[in-house]
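> Let me see the structure of the following:
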Amino acid sequence: MPARPAPRAPLISIDLCSDGFVVDGERLPRRLLSRLLAALLQAHAEGLARDTTPCTRAALRDRIVGLPELHRTQLWRALQGLDDSPLRGLVCCAGRSAGPFWLDDALLRRCRITVQGKRLTTASLAAFLGQQRDAADVVPVLSLPPRRTARSTAGSLPSLGYVAALARADLLIDRGELYPARQALQDAQLHLRADDALEAAALSMRRARVARRLGDWAGVQVELRELAVIAQRARLSPAARRQLDARQHLLAAWHLYGSLGNTAAALARLLQVDAAAQAADLHLCSDCCNLRGILLRELALSEADATRAAQAMACLGEAVRSAALAGLPDALQIAAANLANSLSALHEAGLLPQQQAGTAVDWLLLSESVCAQWSIGRSSLLNMVFLLRLAVAHDLDFARVSAAARAQGQTLHARSFAALAADTWTARERVHSQIPVEQRCAFFLMWATHATREQDRVSALELCGRVLREKRKLRDAVARSRYEEEVQRLRAMLTAVPSPAREASTTRKAVRVAKPR
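Residues are numbered from 1 along each chain as shown. Below you'll find the predicted structure:
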């Protein structure tokens, strides 16, 4: 008598809801867990979330739109909710709090899943996760469809409105008019084609560039998540994906350094940029070398390491060279200014004894010349901050600096450094809200220092008051206290005999607070 077949395991009914999920009629109020299951189902439909191709914690977080972070403890507690349900064992992992994660195929085949009472499709999952997908994309996810590709736009013209708004935004960003640039990028967004991932990525990277220059690190984080979502959904060519990944690593390194102050972590993240991507794009190479040089300089100064100092100079030199070869005036003036500032700072620290202050001044004046000729950086005070700092640290004569500027093709229409600072502020006061507060604090402090050196006590005291008002807007408590200490020392100097060496020592640390570009 033939053996009777084993009875089939009963089906498990699952409905993913906004406030949790329902298993066989029993509601489990676990909102995060329902979204984690949706993200795993979506990844499983794309050939991921399997034992051979598991998903990382970061990949799952990027699929859940609006989720700022997915902490290890948060994830562990969410998955613990499956232990006392029929879905125990559905989500497999190498480590519950760290991942990677995948779905058990045998148990998944027993599940009958709906999303808020609707059929389980790629479109319903995308809507549940907050993603923007095509409404016609209704392929059942358990049938394992191929990855969706963007509709071909070969032979079609780009949107005129998009290109015009993007060109206007680029011009405004180069000129330093950052808030108008944001408005131009919003105009370009209105003409964005839903099926072109590269157009969306170009907008996101420009928004991140504006946010970084404004010191809006929360905005940088938003754009990082947006770029991760674009990279997750779109099917890009290998070259385009390398470029997008490289820009993401560069932007993340800026966030680690500018927002968190973690120089070592930023340098490690920057090392993840693909070498082939840098070799194929001189603009990317210049941007990466510029930031790498800044990070190495900071480490060299903090550790008194001459080897890192030499590496920093090599990186900044390569940033200048790449920008010059590619014909990128904005990148050239930024790299040249940072090279000048680094030459001076490392020379003062005794890490580059062979370098002279005059070399730094020449590079800085080159940056200013490029800015003047191309109308770049009209809303930036960094170059002037660097110049005023060089003059104090090395006791430079204004006539010598003015002669060097004429050799670079520009004229300094002033009689002294304090007068030059006053003219600079008059030209930029109209757009002062677009200048990061770190730059304003450093600029007013250096201006006050030169006013003190020139015996203009009234102006110096008024500028000290400005520094104290501006420093209250700084988010960094250490920077606020540092500026307050420097103002108090400068005020004490106003009642004593001026000493250039003493003035240089009092402003050296405070000026380094201003974030480089």
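> ranges for the helices of the stretch 251-400 of the chain?
263-270, 275-280, 282-303, 306-326, 329-348, 357-374, 382-394, 398-407 (DSSP state H, counting those that start in this stretch).
> So which of those helices is nearest residue 495?
The closest of the helices of the stretch 251-400 of the chain to residue 495 is helix 382-394. By CB to CB, the value is 19.2 Å. Glycine gets a C-beta too; all of them are placed from N, C-alpha and C.
> sorry, back to before: would you mind giving the helices of the stretch 251-400 of the chain as TSV with distance to residue 122, mean neighbour count and mean pLDDT added?
Formatted as TSV, these follow (distance: least, CB to CB, whole Å; neighbours: other CB atoms under 10 Å; pLDDT from 0 to 100):
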stretch	distance to residue 122	mean neighbour count	mean pLDDT
helix 263-270	32	18	94
helix 275-280	30	15	90
helix 282-303	33	22	96
helix 306-326	41	20	95
helix 329-348	41	25	94
helix 357-374	47	21	88
helix 382-394	48	24	92
helix 398-407	61	15	90
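> Flag the shaky bits of the stretch 401-517 of the chain, pLDDT-wise.
496-517 (pLDDT under 70).
> Correct me if wrong: residue 378 contacts residue 174.
No. Between residue 378 and residue 174 there is no contact under CB atoms under 8 Å: 9.1 Å.
> Look at the two and report which has more neighbours.
residue 174 (18 against 15; other CB atoms under 10 Å).
> correct me, but the more buried one touches residue 330?
Yes. Counting by CB under 8 Å, residue 174 does reach residue 330; the two are 4.9 Å apart.
> Can you work out which residues contact both of the two?
By CB atoms under 8 Å, 6 or more residues apart in numbering, residue 174 and residue 330 have these common neighbours: 374, 376-377.
> Present those residues as CSV; the columns should include distance to residue 95.
Shown next, in CSV, are those (distance: CB to CB, whole Å):
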residue, distance to residue 95
374, 53
376, 49
377, 48
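> Any chance of the helices of the stretch 251-400 of the chain in CSV with distance to residue 431 as columns?
As requested, the helices of the stretch 251-400 of the chain are exported to CSV (distance: least, CB to CB, whole Å):
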stretch, distance to residue 431
helix 263-270, 29
helix 275-280, 34
helix 282-303, 24
helix 306-326, 25
helix 329-348, 17
helix 357-374, 15
helix 382-394, 14
helix 398-407, 24
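> Backbone dihedrals for residue 304, please?
Main-chain torsions, residue 304, degrees, to the nearest 10: phi 50, psi 50.
> In terms of pLDDT, where does it sit?
On pLDDT, residue 304 comes in at 93.
> measure it to residue 16 for me?
To residue 16, residue 304 is 57 Å away according to CB to CB, to the nearest Å.
> can you check residue 377 too?
Computed as CB to CB, the residue 377 to residue 16 distance reads 51 Å.
> same deal with residue 463?
According to CB to CB, residue 463 and residue 16 sit 60 Å apart.
> quick one, which of those two is more surrounded?
residue 463 (27 against 23).
> The more buried one: what's it in contact with?
Residue 463 sits next to 444-445, 447-448, 451 when contact means CB under 8 Å, 6+ apart.
> Next: residue 11.
Counting by CB under 8 Å, 6+ apart, residue 11 makes contact with 110-112.
> ok, now residue 426?
Taking CB under 8 Å, 6+ apart as the definition, residue 426 has no contacts.
> now swap in residue 162 and tell me
Residue 162 sits next to 188, 191-193, 199 when contact means CB under 8 Å, 6+ apart.
> in which helix or strand would I find it?
Element membership of residue 162 [criterion: DSSP states H and E] is helix 160-175.
> Let's see the very next helix or strand once past that helix as CSV, backbone CA atoms only.
Once the chain leaves helix 160-175, the next helix or strand it forms, by DSSP H and E, is helix 178-190. The C-alpha trace of helix 178-190 is given here as CSV (Å, rounded to 0.1, in the frame of the first residue of the first chain):
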residue,chain,number,x,y,z
LEU,A,178,23.2,80.2,-3.1
TYR,A,179,19.6,80.9,-2.2
PRO,A,180,18.7,82.0,-5.8
ALA,A,181,20.5,78.8,-7.0
ARG,A,182,18.2,76.7,-4.8
GLN,A,183,15.2,78.4,-6.4
ALA,A,184,16.7,77.6,-9.9
LEU,A,185,17.1,74.0,-8.9
GLN,A,186,13.5,73.9,-7.8
ASP,A,187,12.5,75.2,-11.2
ALA,A,188,14.5,72.5,-12.8
GLN,A,189,12.8,69.9,-10.7
LEU,A,190,9.4,70.9,-12.3
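> Whatever helix or strand comes next after helix 178-190 packs against which elements?
Once the chain leaves helix 178-190, the next helix or strand it forms, by DSSP H and E, is helix 197-214. If contacts are counted by 3 or more CB pairs under 8 Å, 6 or more residues apart in numbering; DSSP states H and E, helix 197-214 sits against helix 160-175, helix 178-190, helix 217-233, helix 238-258.
> Looks like residue 234 contacts residue 197 (just checking).
Yes. Residue 234 is within contact range of residue 197, at 3.3 Å (criterion: CB under 8 Å).
> Is it correct that residue 84 falls within a helix?
No. Counting by DSSP: H, G, I helix; E, B strand; the rest coil, residue 84 is located in no helix; its state is coil.
> Next one: it from residue 30, what distance?
Distance from residue 84 to residue 30, by CB to CB: 11 Å.
> When these two are compared, which one has more neighbours?
Using other CB under 10 Å, the more surrounded residue of residue 84 and residue 30 is residue 30, with 21 against 9.
> show me the contacts for that one.
Going by CB under 8 Å, 6+ apart, residue 30 touches 20-21, 78, 81.
> Can you tell me which of these has the most neighbours?
residue 21 leads the contacts of residue 30 on contacts (other CB under 10 Å) with 27 neighbours.
> Got the phi and psi for that residue?
Dihedral angles (degrees, to the nearest 10) for residue 21: phi -150, psi 160.
> tally of neighbours for the closest residue to it other than its chain neighbours?
Leaving aside its chain neighbours, residue 21 sits nearest to residue 34 (4.4 Å; criterion: CB to CB, 6 or more residues apart in numbering). Using other CB under 10 Å, residue 34 is surrounded by 25 other residues.
> For my notes, confirm residue 34 occurs in a helix.
Yes. With three-state DSSP as the criterion, residue 34 is located in a helix.
> is it true that it touches residue 27?
No. Contact criterion CB under 8 Å: residue 34 and residue 27 do not qualify, at 10.8 Å.
> intersection of neighbour lists for the two?
Common neighbours of residue 34 and residue 27 (CB under 8 Å, 6+ apart) are 17, 20-21.
> which ones are touching residue 386?
Residue 386 neighbours (CB under 8 Å, 6+ apart): 337, 340-341, 344, 364.
> Brilliant, that's me finished.
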